[in-house]
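A.B. asks: Okay, predicted coordinates and the sequence, questions at the end:
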Amino acid sequence: MIDTLFIGLSVGSILLLVALGLAITYGVMGVINMAHGELVMVGAYTTVMSGIWLHTGFLIAIPIAFVVTALVGLMIERIVVRRLYGRILDTLLATWGIGILIQQAVRLEFGLSFFGIHIEGLGPGLQNVTIPETLQGAISIGGVEINAYRTFIILVTGVFTLITWFILFRTPIGTQVRAIIRNRQMAAACGVDVERVNAMTFAFGSGLAGVAGVMMSGFKTVFPDMGTPMVVDGFLVVVAGGVGSLLGSVLSAGMLGEINGVVASITNDIVARAVVFGVVILIIIAKPKGLFSFKER
Amino acid sequence: MTKRHVEIAVYAIFIAAIMLAPLVLEPFWLNRIAKYLVYGMLGIAVALSWGYAGVLNLGQGLFFGAGAYMLAMSLKLASPTSLQQGSDTPVPDFMLWNAEPGSKTDLCCINKASFLWIPFQNQWFGVAMGILLPVCIAAVIGIILFRKRIAGVFISIITLALVLLVRLLIIDAQPVTNGFNGLTDLGWFKLFDFEFDPYLVQTYYLVAGSLAVVLVAARLLIETRAGLILQAIRDDPNRARYLGFDVPRFQTFFFTVSAGIASFAGMLYVIAAEFASPTFMDLSFSISMVVWAAVGGRASILGACIGAILINTITASVSETKGFAETWKAIIGLIFVLVVLYLPRGLAGFAHDIADWFVARVNGSPHRAAAREADGVQPAE
Amino acid sequence: MPVALTVDGLSVDFDGFKAVNTVSMIVDQGELRVLLGANGAGKTTLMDLISGKTKSTAGRVFLYDTDITNKEEHEIARSGIGRKFQIPSVFKDLTVRRNLEVVSCRNTGVLSNLGFGFSHEGEERVDEVLELIGLTGQAAMVAANLSHGQTQWLELGMLMMQNAKLLLLDEPTAGMTQAETLKTSKIINALKGKHTLLVVEHDMAFVREIAERITVMHLGQVLAEGNVAQIEQNPKVREAYLGSRAIS
């Protein structure tokens, strides 16, 4: 039983890591970034590439991936998202298109494969990452055997959630972000540079996606399509949790992760996913604003 | 001459083109084009739902797939293989592969849910279910979502989650649906005594004719008063409410019609392609339909239809070379982003502008504006 | 004179805050009643309650003899109430003529409207209304391109087409120039008698032009009722709303 709960927890923590970035961009900017999954993929590929070309270890890839994906996110925000302010559905569609472009960029190795040049680590095939020895195998906690890597994921998720919480609730810029979530126009009227904060928020959210990608690369094969299912899962977590609520996303990720884990142990993975979808649909129908959103007057 | 004349002419030319295609194309190509025509029908469904009703359904594949599977079940039972499984009544081959040893080789009892297949031995049951099931699902969804005033983004997310959910259930129900592999090795659709071999020109005419009918019907539907009210609702649902219109009823009606068209398309696809698969309910397929409609013109019935046909024809021609196929996908992604950013009316927008210019020239009037205003209704944003 | 609108002890409670607190009001058929009050007094909320936008927590509303309390907006609209919003809402993507034609649909169901075109009488009425609101020249123009004042008149025109027995007008002259306000008062005066009107307004000069009886609201309750002179002299009203000087 503990085993099942633990697996649920680790599934939930991966969900959370992916959803965290989405929650922030959706909450602050009302933007549905369908390219978020591709950003996770970029993080995974950065791990692959930094291993091959920079000969760095797995752990160093985390900050590198954060920076790389944050920059990609920044570009997306400036070039596309900024022009679609207020047009939520159009942002959804445009970012889906961007996602396709990013996928193809990786598949076509930025166009170089056209000229017969192959960059190792890119291309349409599968890539793999080896995790450091210390994270392999199982560890014993209180007599229960737990997978070491899964524990690591939970730890990393916890750390980044704390960092995010800290930035949001204990720094000046975090206050600005929260002000924008509550009332964008008032925040602007109070002197908050909304455009700049939005850009940085988007970049931060993207960076988190990159970190999720690094974690993913440790136990999943890396391939160009890997991001697509994630953006769906991520969105469902965010929408179920409630717009603009960090706590909501955390709780909803945990809840959905556990549901997935428990149902999977009773039936199978496929049904478990279906059940999670069903639960989220019901939540949106019953409470469209999400389980833990702010009360509106 | 008015813009109306130009529009009728364009519709006529399009229908003539697709009906006359068999004179210039060989059966292999005809079969491929037939599939693209089916996609054109999906474009119409999306335009109706998104462009006119304002409902962005990101799970249109659900209705396409449902329609497809219903007919495919009947055609599966009609296939020679199913009759050779060692029983008097047809039994799908995959059920035998998945069966528990010792179970009776009959639809009633070969596995727990196989009895659901029994009525499908009649092809017309499959046809009827192919329309009824998706339409009922759409009506239920519509009633629940629209009554609760769930709008915009949330509808899109729910429809997206729904199509993925159903896809997973179909994959999981392997003994009844053959899971990932889908339904293959199907019999041919029979009308009276004629069998629709997918490579016969008659099958092409079946698809092309259906598309022509749906195209004209959808266009006429938009021109009714109900169509006008629908556009008003899309424009400002509150205003419509306060004028006495039951907004959810209109939205549900058109959402359901759109679903019906998509499911009809699903059945035609099965006839032309001879298979039904869970890939019909992939997220990327459902979103692709939206891409086709956006590029062609989401608020133009013919535009969305042509957009779908065009994109798929080019994709198919280009996928001969692996490198080009992937590059083309990137190009489509780029075009899509540009269309969303800058061209909300899609290619149809251009076509309308050209038509306006043309009418103005023919009428000798230097004012394009007059021609455009006389059009009455503007396409959606 | 039959009573067009009866509001009986109507209240709405938002988590303890009573935006409208046991309001009772009777408006006769053909009357033009003005609702006056400071921002937050509950005027728009009262309109929301009558038209069905907000559900009340106590009290009842009657249109003539029909109980319309807490019915759906479109049902209330069909019983004969038309509403004009503070921010003019028309169908921006449609032309002026189309806007009016939409309203002219006699039936409001889907199936009954699966037909083409409009009746001769319908089109004549559209022409009539266009004349009344002064937009005949703009009939083919897309509504988004109308000026602010023209949009307000179009909305009034739509209400006329709707042939509602009771018209709820929320600040019909908001954002208008003096000339536009004058034209609006002419249109509204033309509506008097045939329709019953309940108007929320701030512009006291305009109120003087059109008002017969005034109901003053304050903090969700009815403070006073009377004609212009009575209201101006009412000490409670002066204290709460007008200030110690009279209407200038």
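C.D. replies: Received, thanks. All figures in this text were calculated on a predicted structure; none of them were measured in a lab.

A.B. asks: from here on, contacts and neighbour counts on C-alpha atoms
C.D. replies: Fine.

A.B. asks: what's the burial count for residue B:117?
C.D. replies: Counted with other Cα atoms under 10 Å in any protein chain shown, the neighbours of residue B:117 add up to 18.

A.B. asks: where does the closest residue to it other than its chain neighbours land on pLDDT?
C.D. replies: The spatial neighbour of residue B:117 that comes closest, neighbours along the chain excluded (Cα to Cα, 6 or more residues apart in numbering or on different chains), is residue B:107 at 6.8 Å. Looking at residue B:107, its pLDDT is 77.

A.B. asks: so residue B:107 touches residue B:114, yeah?
C.D. replies: Yes. Residue B:107 lies in contact with residue B:114 (Cα atoms under 8 Å); the separation is 5.5 Å.

A.B. asks: Could you check which of these two is surrounded by more residues?
C.D. replies: More crowded of residue B:107 and residue B:114, by other Cα under 10 Å: residue B:107, with 22 against 18.

A.B. asks: Now do the host helix or strand of residue B:360, average pLDDT.
C.D. replies: Counting by DSSP states H and E, the secondary-structure element that holds residue B:360 is helix B:346-362. Mean per-residue pLDDT for helix B:346-362: 87.

A.B. asks: One more: stretch B:166-179?
C.D. replies: When pLDDT is averaged along stretch B:166-179, the result is 90.

A.B. asks: quick one, what contacts the closest residue to residue B:103 other than its chain neighbours?
C.D. replies: Beyond its immediate neighbours in the sequence, the residue positioned closest to residue B:103 (Cα to Cα, 6+ apart) is residue B:110, lying 5.3 Å away. Taking Cα atoms under 8 Å, 6 or more residues apart in numbering or on different chains as the contact definition, residue B:110 lies against B:95-96, B:99-100, B:103-104.

A.B. asks: Let's see if you can find the most crowded of those.
C.D. replies: Looking at the contacts of residue B:110 with neighbours defined as other Cα under 10 Å, the largest count falls to residue B:95 at 22 neighbours.

A.B. asks: if we can go back for a sec, list the helices and strands the helix holding residue B:360 packs on?
C.D. replies: Contacts of helix B:346-362 with other secondary structure elements, assessed using 3 or more Cα pairs under 8 Å, 6 or more residues apart in numbering or on different chains; DSSP states H and E, are made with helix B:3-20, helix B:283-296, helix B:301-318, helix B:368-373.

A.B. asks: where do the helices sit along chain C?
C.D. replies: Counting by DSSP state H, residue ranges of the helices within chain C are C:43-51, C:73-79, C:96-104, C:120-133, C:148-162, C:178-191, C:204-210, C:228-233, C:235-237.

A.B. asks: Of all the ones you listed, which one is nearest residue B:46?
C.D. replies: Closest of these to residue B:46 is helix C:96-104, at 24.1 Å (criterion: Cα to Cα).

A.B. asks: Is chain B within reach of that closest one?
C.D. replies: Yes. Contact check for helix C:96-104 against chain B, using Cα under 8 Å from any Cα of the partner chain: residues in range are C:98, C:102-103.

A.B. asks: got TSV for the residues you listed, with pLDDT and distance to chain A too?
C.D. replies: Compiled in TSV, the residues of helix C:96-104 next to chain B are given as follows (pLDDT from 0 to 100; distance: Cα to the nearest Cα, whole Å):
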residue	pLDDT	distance to chain A
C:98	92	26
C:102	92	27
C:103	91	29
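
A.B. asks: follow-up on the earlier one: please report the distance of the residue nearest to residue B:103 from chain C.
C.D. replies: Separation of residue B:110 from chain C (Cα to the nearest Cα, to the nearest Å) stands at 46 Å.

A.B. asks: and that residue, that one's in a strand?
C.D. replies: No. Remark: residue B:110 does not belong to a strand; assigned using DSSP: H, G, I helix; E, B strand; the rest coil, it is coil.

A.B. asks: Can you tell me which of the helices and strands packed on helix B:346-362 is most buried?
C.D. replies: Of all those, helix B:283-296 carries the top mean neighbour count, a mean of 25, counting by mean count of other Cα atoms under 10 Å in any protein chain shown.

A.B. asks: Show me what it packs onto, helices and strands only.
C.D. replies: Counting contacts by 3+ Cα pairs under 8 Å, 6+ apart, helix B:283-296 is packed against helix B:27-46, helix B:61-77, helix B:152-172, helix B:301-318, helix B:322-342, helix B:346-362.

A.B. asks: Now the first one: buried residues?
C.D. replies: Right, helix B:27-46. For helix B:27-46, a neighbour-count test (16 or more other Cα atoms under 10 Å in any protein chain shown) marks B:30-46 as buried.

A.B. asks: I'd like to know how many residues surround the closest residue to residue B:84 other than its chain neighbours.
C.D. replies: Once its chain neighbours are removed from consideration, residue B:84 has its nearest residue in residue B:90; the separation is 7.5 Å (Cα to Cα, 6+ apart). Applying the criterion other Cα under 10 Å, we find 22 residues in the vicinity of residue B:90.

A.B. asks: swap in residue A:197?
C.D. replies: One way to gauge burial is a neighbour count; for residue A:197, by other Cα under 10 Å, it gives 18.

A.B. asks: Quick check: chain neighbours aside, which residue is closest to it?
C.D. replies: The shortest distance from residue A:197 to any residue that is not its chain neighbour, by Cα to Cα, 6+ apart, is 6.9 Å, and that residue is residue A:177.

A.B. asks: Let me see the contact set for that neighbour.
C.D. replies: By Cα under 8 Å, 6+ apart, the contact set of residue A:177 is A:28, A:168, A:197, A:201.

A.B. asks: Low-confidence stretches in the chain?
C.D. replies: In the absence of a named chain, this looks at chain A. When residues are selected by pLDDT under 70, those of chain A lie in A:1, A:113-114, A:141-144, A:244, A:293-297.

A.B. asks: Chain B, not that one
C.D. replies: Scanning chain B for pLDDT under 70 picks out the ranges B:322-323, B:365-381.

A.B. asks: same thing with chain C?
C.D. replies: Residue ranges of chain C with pLDDT under 70: C:241-248.

A.B. asks: As a check, name the ranges of all strands in the stretch 101-250 of chain A.
C.D. replies: Listed in chain order, the strands of the stretch 101-250 of chain A (DSSP state E, counting those that start in this stretch) span A:138-141, A:144-147.

A.B. asks: So which of the ones you listed is the most surrounded?
C.D. replies: For these, ranked by mean neighbour count under the definition mean count of other Cα under 10 Å, the leader is strand A:144-147 at a mean of 15.

A.B. asks: Touching that strand from outside, list them.
C.D. replies: Strand A:144-147 has contacts (Cα under 8 Å, 6+ apart) with A:3, A:136-140.

A.B. asks: count of neighbours near residue 189?
C.D. replies: Answering for chain A, as no chain was given. Using other Cα under 10 Å, residue A:189 is surrounded by 10 other residues.

A.B. asks: Not quite, go with chain C.
C.D. replies: Counted with other Cα under 10 Å, the neighbours of residue C:189 add up to 15.

A.B. asks: Pretty sure it sits against residue C:210.
C.D. replies: Yes. Applying Cα under 8 Å, one finds residue C:189 in contact with residue C:210, separated by 6.6 Å.

A.B. asks: Pairing-wise in the sheet, spell out the partners of whatever residue of chain C ends up closest to chain A.
C.D. replies: With Cα to the nearest Cα, the shortest gap between chain C and chain A falls at residue C:14, namely 8.0 Å. Beta-bridge partners of residue C:14, counted by DSSP bridges, are residue C:17.

A.B. asks: From residue C:196, how far out is it?
C.D. replies: As for residue C:14, its distance to residue C:196 is 29 Å (criterion: Cα to Cα, to the nearest Å).
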